[in-house]
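Peer 1: next comes the sequence, and after it the predicted model I'd like to discuss.
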Amino acid sequence: MFDASIPEEGKARLSGRFDAAQVEKARAVFDQVNVSTVVDFGELEYISSAGLGILLMTQRRLRESGKGLKLINMNKHIRDVFQYAGFDKIFEIV
């Protein structure tokens, strides 16, 4: 099961498995993000290339106005995926 939410402006939370089947749900949430936002990965178990694409699209859109995503609480597997894809150079990851 996957969930994406914005509990308050400037914060987003992901949980479950973020794969291609969840793209529309995630896009609906991330399309609402218009300010620099901290995305909490603490409850996310898995992310596919489709999930990476949604985050990249959001990051590019935000960067056009000097904003961006900050990604926190990644498990080792997800952090490795971001590093292998070179996304650790695109996103601030703490």
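Peer 2: Sure thing, it's come through.
Peer 1: now do the contacts for the residue lying farthest from the centre of the chain.
Peer 2: Distance from the C-alpha centroid of the chain peaks at residue 65, with 18.0 Å (C-alpha atoms, centre = their mean). Residue 65 makes contact with no residue, according to C-beta atoms under 8 Å, 6 or more residues apart in numbering. For glycine as for every other residue, the C-beta is placed from the backbone atoms N, C-alpha and C.
Peer 1: can you tell me the SS state at the residue nearest to the spatial centre of the chain?
Peer 2: Ranked by distance to the mean C-alpha position of the chain (C-alpha atoms, centre = their mean), the top residue is residue 55 at 4.5 Å. Three-state secondary structure (criterion: DSSP: H, G, I helix; E, B strand; the rest coil) places residue 55 in helix.
Peer 1: excluding chain neighbours, what is closest to it?
Peer 2: Distance criterion C-beta to C-beta, 6 or more residues apart in numbering; nearest residue to residue 55, sequence neighbours excluded, is residue 69 at 6.6 Å.
Peer 1: sec struct for the residue lying closest to residue 93 once chain neighbours are set aside, please.
Peer 2: Once flanking residues are discounted, residue 93 sits nearest to residue 71: 4.8 Å by C-beta to C-beta, 6+ apart. Three states are possible here, and by three-state DSSP the one that applies to residue 71 is strand.
Peer 1: just the pLDDT at residue 71, thanks.
Peer 2: In the prediction, the pLDDT value recorded for residue 71 is 98.
Peer 1: any idea what it is bridged to?
Peer 2: Residue 71 has the following beta-bridge partners by DSSP bridges: residue 39, residue 93.
Peer 1: OK, contacts around it?
Peer 2: For residue 71, the contacting residues are 38, 39, 41, 55, 82, 91, 92, 93, 94, by C-beta under 8 Å, 6+ apart.
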